[in-house]
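Novice: below: sequence and its predicted model.
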Amino acid sequence: MTRLSRHVTGWLLVLPAMAFLALFTHWPALATFIDSFWSTPKGRRPARFVGAENYQHMLSDPVFWKAAWNNLIFAIGTVPASIALALLMAVWVNDRLTGRTLLRMAYFTPTILPMIAVANIWLFFFTPDYGLLDQLRGLFGGQPWPWLGSAETALACVIVVAVWKEAGFFMIFYLAALQQISPTLGEAAALEGASRWTYFRRVQWPLLMPTTLFVFVNAAINAFRMVDHIFVLTHGGPDNATTLLLYYVYEVGFKFWDTAYAAALTMVLLIALALIAAVQFGVIERRAHYR
Amino acid sequence: MDRRQFIGGASALAVGAMAPGAVSAQAAQEISFFYPVAVGGPITKLIDAYAADFQKDNPGVAVKPIYAGSYQETIVKALTAHKSGTPPVTSVLLSTDMFTLIDEDAIIPFDEFVKTDADKAWLKSFYPAFMENSQTGGKTWGIPFQRSTVVLYWNKEAFKEAGLDPEKPPQTWAEQLDFAQKLTKRDAAGNVTQWGIQIPSSGFPYWLFQGLTTQAGAILANAAGNEVKLDAPEVVEALQYWIDLAQKHKVHPPGVTEWGTTPKDFFERKIAMMWTTTGNLTNVRNNAKFPFGVAMLPAGKRRGSPTGGGNFYIFKKSKPAEQQAAFNFIKWITTPERAARWGIDTGYVAVRADAWDTPAMKDYVAGFPAAAVARDQLPHAVAEFSTHDNQRVTKALNDGLQAAITGAKPPAQAMKDAQTEAMRILKDYK
């Protein structure tokens, strides 16, 4: 086989995958980029080139800034919490304890439930007065509180649901990684008289770094992608307190039918995600310990 | 015989077996009909039955219902299909989406199909309150089908316990407040165990708010859909009344109250009176474990409620013959008898006055008088808030309302901001 034909074969092999990727990912992204410089076509009024007008409008759009700010808080609230919880659960169910299969399954359950169904259940947890949360607080003399109905707590509630939903999924990755760690390391550490904490900090945690990186990237991306529960729990309210960027893109695109502005918002989201990925792969990868 | 041949042979067999059905289906003109409901359930059975009956009466036309999810999902699907050039022939969508559909050049007016005197009489037979959301610029763009209004439900047991006459709902704003105060119960520690009233404010607070503003004497939008008055003194007064119920008089739960759980709050006796849609009538009837009443909303300066719900539309990019067939179907499904049957089966308000004179409807109302409350309120009803760029303008109003309800802005300021934003959006439609 000549060098050339080897290259041709290689390209032919990746062609089907590339074609789908181009059709469903690259082309839409490019089209979105182009659309963001045109006005929204309406009825008989065709789209016209407007330059950066959509982006200028974005700068003066308070709902956009609110959504961006909310999304930042949502990311800060969900990413570390779901990773920490996943790690904790994984370390726990990795040990030999009775009923651990059941426990693993229980932790994983939130992941397999559809988000819309889950959000409907949580809606009743958060219901003031007779909802689960207020009933528990009632045992200790707490006052009923409109969890989703007040601007102070609505975003926090949405974050809690997201963490609950995600942690089980990330746990699976940690669990798989933990089981890859050779038991001889644990035995060696035990012989040396290392405490459980030292073993975790000096042995397990560094070896889990690649998994942590992977989970971190996924969690950060999900923080900008996960909006299903907003549709059920708050519709972005009260007064945009829980509007996240992607939810706002949906509203502008499919409720207001301002597709050009939605395209501009999508570009911002895409750039934010690209930056996160670049920073993470650039900075953290150097510290991650690959074998 | 390799596998492909085998499959080909099998499908040929299947086609052969279905031939008689397939041939007649091919000969029939197919009318695609987007209907806003999720898959399954009793409503789809009703719609399927209508489609089958229509085909029996009109051989050669097959109405094909496509269940497209919620109202929001259905309009997304219909408009996306319109933009790609193959919309449904007809669809039931929110009456308030009329301006959006016109602006997208997606629908055609019904006027060009209305030719005979019988057609004209048919068009005039609908309640004027429902037609307000179906006509603009001298043309009829939608035909009322599944429509609703806001009504007040009250718990008769709670009324008795509070020393009120269980058969007398509040008639005025003052009475509503007075009753709510008597109905609010607190335990020894001062915690509320039963609220007097709840007017939900999540999702689409503007709809219930429009009940209050109409009662205060305000009309929020003009018929052309390009002018709103959200900061009129009457509107601020209505908002103040709503907020005072919670913040000043403490007879209404604080914060934004959830639309979806409001009926449940009522069943759990956490609230003694609630405002919600007539569409909840069957739900309340099945789930309230106490005697309840249904009343018109109390009057401020006047009585008032917005209408709501869905209209039939005909899409522009479908073939003229299909559009004509869809028109015939819409006429067929809104005869007095069918409008009555649809109202009885679903709880929606029958859309024309003569439907209420049919024997079936008379029997139903005699057995369940609450069903007629919505009809009796119709003379006081106004068009649901609807403008060009409807959902964006509505969001400006919703955001303002929620800002006021959560205490982030005083009512006058919240409505002034909403007005500024709404007029900024509407300036292109002048």
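Specialist: That came through fine.
Novice: B:Thr149 pairs with what?
Specialist: B:Thr307 (DSSP bridges).
Novice: same thing with B:Thr140?
Specialist: Bridge pairing for B:Thr140 - DSSP bridges - gives B:Gln135.
Novice: likewise the one 4 residues further on?
Specialist: Counting by DSSP bridges, B:Pro144 is bridged to B:Asn311.
Novice: how about the contacts made by it?
Specialist: Residues in contact with B:Pro144 (C-beta atoms under 8 Å, 6 or more residues apart in numbering or on different chains) are B:Ser95, B:Phe126, B:Tyr127, B:Phe130, B:Met131, B:Asn133, B:Ser134, B:Gly309, B:Asn311, B:Thr334, B:Val351. C-beta here means a position set from N, CA and C on the backbone, and glycine is covered the same way.
Novice: pretty sure B:Ile314 sits against B:Phe327.
Specialist: Yes: contact criterion C-beta atoms under 8 Å: B:Ile314 and B:Phe327 qualify, at 6.6 Å.
Novice: these two: which has the busier surroundings?
Specialist: B:Ile314 (27 against 21; other C-beta atoms under 10 Å in any protein chain shown).
Novice: tell me which element that one falls in.
Specialist: strand B:305-314 (DSSP states H and E).
Novice: which helices and strands sit right next to that strand?
Specialist: In terms of contacts (3 or more C-beta pairs under 8 Å, 6 or more residues apart in numbering or on different chains; DSSP states H and E), strand B:305-314 is packed against strand B:90-94, helix B:98-103, strand B:143-155, helix B:205-216, helix B:320-333, strand B:381-382.
Novice: select, out of those, the one closest to A:Gly43.
Specialist: helix B:98-103 (5.6 Å; C-beta to C-beta).
Novice: what does the stretch 251-400 of chain B put close to chain A?
Specialist: Contact residues, the stretch 251-400 of chain B versus chain A (C-beta under 8 Å from any C-beta of the partner chain): B:253-258, B:260-261, B:264-265, B:268, B:270, B:389, B:391-392, B:395, B:398-400.
Novice: and stretch B:273-291, how far out from the chain middle?
Specialist: 16 Å (C-alpha atoms, centre = their mean, to the nearest Å).
Novice: so which bits of that stretch are buried?
Specialist: B:Met273, B:Met274, B:Trp275, B:Thr276, B:Thr277, B:Thr278, B:Gly279, B:Asn280, B:Leu281, B:Asn283, B:Val284, B:Ala288 (16 or more other C-beta atoms under 10 Å in any protein chain shown).
Novice: pick out the most distant pair among those.
Specialist: B:Met273 and B:Gly279 (17.8 Å).
Novice: following element in sequence after the lowest-mean-pLDDT helix or strand in chain B, please.
Specialist: Of all regular secondary-structure elements in chain B, judged by mean pLDDT, DSSP states H and E, the least confident is helix B:3-27 with a mean of 41. Downstream of helix B:3-27, the first helix or strand assigned by DSSP H and E is strand B:29-35.
Novice: partners of that next one, with directions?
Specialist: Partners of strand B:29-35 in its sheet, by DSSP bridges: strand B:61-67 (parallel), strand B:90-94 (parallel).
Novice: quick one, which of those strands is packed in tightest?
Specialist: strand B:90-94 (a mean of 27; mean count of other C-beta atoms under 10 Å in any protein chain shown).
Novice: now do that strand, average pLDDT.
Specialist: Across strand B:90-94, pLDDT averages out at 95.
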